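Undergrad: what follows is a predicted structure for the sequence shown.
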Amino acid sequence: MADLLSPHSKVKSTHAEVSYTAGWMQGQTDNSGHNTGDKYATTTAAGEVITIANDTLAFTDAILFVYGAQHAGILQVKVDGVLQKAPDGSTDWDCYLYIDGQVNAMKNAAMIHLTGLPRATHKVEIISTGRKGPKSSGTTVGFNYMYILDPDTKLGRPLDGVILWYGDSNSDRSGGWCDKQIKRLINNCWPGNRIRHEYATRPSLSSDYIRFMPNEIRAKNPSFLSLMLNTNDLPRPEIDSKANVEAAIKICRDDFGIPIQLCTILPRYGLNEYSWNKVNAQIRELASKYSTPLVDLNTYISNNTTMTTTPFMADGIHLDAVGDNLAAHHLFDTMTAPGHPFRTML
C-alpha cells in the first residue's frame, strides 16, 4: 500500500531511467543538511541533455529540483519533444538564485513546475543552453531529482500530521533544534505519534527562495508550515525581507489554506544589531497583522542584544547543543500552547 503521507514518486539523478550526454559531471554529492548523500549532476556546456524516460507512471504534474546559484545559467525543458514555457512566457528557465556568497549553491532547488500535461507517461529532457541570465555570473545548470506528483492527490492538499520546516542552515541541520531535539520532545509527550517532518530550502539560502514555496508545498503536502529566516536573509539590494515574509504568509493562507508560524532571526556574532532587530521588528509586525503564531527565538536566546561572545552558538551563526535545546524547548512550548495550529493538529 502506498504511503499516504508521501503519495508522490521521486526520480533521482542516479536512477536507471535517467540518462546523460557526455558533458555532464555526474555523481556529485550534496552534503547539506537533510540532503546529505543526494547525488546531482552539472554542466556548463551548451547542448548537453539529460533524459528522464519514465514509462511506468502516468502523471499530469512534476517538479524538477535543479541547481540554483548566483553562477547558475539558463536551461530548457522538453516534455515529449515539446519545449515548455517558463513563468515569463519564454522557453528559458533562468536558474539564477540569490545566495549569501558567490560560492554557495543549492543543489536541489524546486524551481521548475511542469503542469497541465495529459495524464500519461512522459519523456522529460533537460537541456543546457550554455547561456547565463541577466543577473548570473555563470552558465552552470544541474539536476538532482524529479518529483512525479500523484495525479490522484490534489496538489497542495494538506495531509494530516505533516510539518514543513522552511528555513536555511539553522533549521535544516540534521540533528539540530527543529530536527532531533523537537522530535524528541514531541515523541516524549506523544509516543507513537505519526507526525512527519519535511524540510524545504537549504544552507546559505536567503528569503529570495520563497518564490518557490508553492512548489515545495505541492511536493510535501504539509498541514502546517514553520518559516524561519536567518542572518543570510538580512536586507540585500535584491531582497526585501518583509515583502518576502508577507508573500509566504499569503501563499500558505490564501493559496493552500494551511497555517504558518514565523520565527524571529537568531543573533549573529559581530553583526550590527540594528540589522537583525529591524527585520525582527518587521516579522513581529507581520505576525500581529495576520494573527500568525510567532516563535520569538531572538528574544528568548539573546534578549535582542548584540552578542560579544557566543554562549549558545557553536560558530557565531549556528546554535550549539545547549542552544539547540533552548530553542527546541521554546519552540515546543509555543507550538503546544492552546489555540496553536500544531496543538490542534496533534
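TA: All right, it came through fine.
Undergrad: ok, Asp324 - how many residues close by?
TA: Close neighbours of Asp324, defined as other CB atoms under 10 Å, add up to 23. From N, CA and C alone the C-beta is placed, and that goes for glycine too.
Undergrad: which secondary structure element is home to it?
TA: Per DSSP states H and E: Asp324 is located in helix 321-335.
Undergrad: what packs against that helix?
TA: Contacts defined by 3 or more CB pairs under 8 Å, 6 or more residues apart in numbering; DSSP states H and E place helix 321-335 against helix 182-189, strand 260-263, strand 294-295, helix 297-302.
Undergrad: the helix or strand just after it packs against which elements?
TA: Per DSSP H and E, helix 321-335 leads on to helix 341-345 as the next helix or strand towards the C-terminus. Applying 3+ CB pairs under 8 Å, 6+ apart, one finds that helix 341-345 contacts strand 224-228.
Undergrad: partner strands of the strand it packs on, parallel or antiparallel?
TA: strand 162-166 (parallel), strand 260-263 (parallel) (DSSP bridges).
Undergrad: give me the distance from the first one to the chain's centre.
TA: To tie it back to what came earlier, the one meant is strand 162-166. Once both centres are worked out by CA atoms, centre = their mean, to the nearest Å, strand 162-166 turns out to sit 10 Å from its chain's centre.
Undergrad: shouldn't Thr36 be in contact with Lys107?
TA: No - counting by CB atoms under 8 Å, Thr36 does not reach Lys107; the two are 11.0 Å apart.
Undergrad: export the strands paired with strand 224-228 to CSV and tack on distance to Thr139 and mean pLDDT?
TA: As requested, these are exported to CSV (distance: least, CB to CB, whole Å; pLDDT from 0 to 100):
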stretch, distance to Thr139, mean pLDDT
strand 162-166, 29, 92
strand 260-263, 36, 96
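Undergrad: may I see those strands organised as CSV, with distance to Cys252 added?
TA: Listed next are the strands paired with strand 224-228 as CSV, based on distance: least, CB to CB, whole Å:
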stretch, distance to Cys252
strand 162-166, 9
strand 260-263, 4
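Undergrad: rewinding a little: out of the helices and strands packed on helix 321-335, flag the one nearest Leu286.
TA: Closest to Leu286 of these, according to CB to CB: strand 260-263, at 6.8 Å.
Undergrad: can you check which helix is longest in this protein?
TA: Taking DSSP state H as the assignment, the helix of the chain that covers the most residues is helix 273-289.
Undergrad: tell me what angle that helix forms with strand 224-228.
TA: Helix 273-289 runs at 160 degrees relative to strand 224-228, counting by axes from the mean of the first three to the mean of the last three CA atoms, to 10 degrees.
Undergrad: residues of helix 273-289 that come out buried?
TA: Buried residues in helix 273-289, counting neighbours by 16 or more other CB atoms under 10 Å, are found at Glu273, Trp276, Asn277, Val279, Asn280, Gln282, Ile283, Arg284, Leu286, Ala287.
Undergrad: helices or strands up against it?
TA: helix 241-250, strand 260-263, strand 294-295.
Undergrad: can you put these in JSON lines and add distance to His318 and mean neighbour count?
TA: Output for the helices and strands packed on helix 273-289, formatted as JSON lines (distance: least, CB to CB, whole Å; neighbours: other CB atoms under 10 Å):
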{"stretch": "helix 241-250", "distance to His318": "20", "mean neighbour count": "18"}
{"stretch": "strand 260-263", "distance to His318": "15", "mean neighbour count": "24"}
{"stretch": "strand 294-295", "distance to His318": "17", "mean neighbour count": "20"}
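Undergrad: which residue packs closest to Gly37, ignoring adjacent ones?
TA: Spatial nearest neighbour of Gly37, chain neighbours left out: Thr29 (6.6 Å); criterion: CB to CB, 6 or more residues apart in numbering.
Undergrad: ok, Ile52 next?
TA: Of all residues not flanking Ile52 in the chain, Val124 sits nearest, at 4.3 Å (CB to CB, 6+ apart).
Undergrad: counting neighbours, what do you get for the one you found?
TA: By other CB under 10 Å, the residues close to Val124 number 24.
Undergrad: hmm, who's touching the host helix or strand of it?
TA: For Val124, the host element (DSSP H and E) is strand 123-128. Strand 123-128 is contacted from outside by 23, 43-54, 62, 64, 66, 73, 75-81, 114, 139, 141, 143, 146, using CB atoms under 8 Å, 6 or more residues apart in numbering.
Undergrad: what is the least confident helix or strand in the protein?
TA: Across the helices and strands of the chain, mean pLDDT, DSSP states H and E gives its lowest value to helix 169-172, namely a mean of 79.
Undergrad: export that helix as PDB, just CAs?
TA: Provided in PDB are the C-alpha atoms of helix 169-172 (Å, rounded to 0.1, in the frame of the first residue of the first chain):
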ATOM      1  CA  SER A 169      21.100  26.100   7.900                       C
ATOM      2  CA  ASN A 170      19.800  26.900  11.300                       C
ATOM      3  CA  SER A 171      16.600  24.900  10.800                       C
ATOM      4  CA  ASP A 172      17.700  22.500   8.200                       C
END
